[in-house]
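[1] Give the three-dimensional model of this entry:
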Amino acid sequence: MDINNRKDIVYLILAGLFVTNAILGEILGGKLIEAGGYIMSLGVIPWPVVFLTTDLINEYYGRGGVKRLTLITVALILYAFAIIFISMGVPAAK
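    Next up is the predicted model:
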């Protein structure tokens, strides 16, 4: 991938937004908030950005670009949860 290519830079930015918001949505999903009289997950806040970036990537880079990025994101979410799970078992310093 030629980083100097404008198309690749845009893909990297969109991919970064996609991955970041997907991980945030998953991590924040366990926290419940009340908004407008409804109780909902805080994880719903970053997901619109995930859908928007998915649509943009699909429009400009095709299904292959979205599929590749989705598989990478799933792996990164699993990695993030593994690190969080392991770190919760480490005792805090006194």
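
[2] got a list of what the residue nearest the centre of the chain touches?
    The centroid of the chain falls nearest to Ala22 when counting by C-alpha atoms, centre = their mean (2.0 Å). With contact set as C-beta atoms under 8 Å, 6 or more residues apart in numbering, Ala22 has these partners: 46, 50, 73, 77. Every residue, glycine included, has its C-beta placed from N, CA and C.

[3] For it, identify the helix or strand it belongs to.
    helix 6-28 (DSSP states H and E).

[4] so how far is that helix from its chain's centroid?
    6 Å (C-alpha atoms, centre = their mean, to the nearest Å).

[5] And for stretch 31-50?
    The answer for stretch 31-50 is 15 Å, by C-alpha atoms, centre = their mean.

[6] Just the buried residues of that stretch, please?
    Counting neighbours by 16 or more other C-beta atoms under 10 Å, one finds that the buried residues in stretch 31-50 are 42-43, 46-47, 49-50.

[7] got those residues as a markdown table, with distance to Leu12 and secondary structure columns?
    What follows is those, written out as a markdown table (distance: C-beta to C-beta, whole Å; DSSP: H, G, I helix; E, B strand; the rest coil):
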| residue | distance to Leu12 | secondary structure |
| --- | --- | --- |
| Leu42 | 27 | helix |
| Gly43 | 24 | helix |
| Pro46 | 19 | coil |
| Trp47 | 21 | helix |
| Val49 | 16 | helix |
| Val50 | 16 | helix |
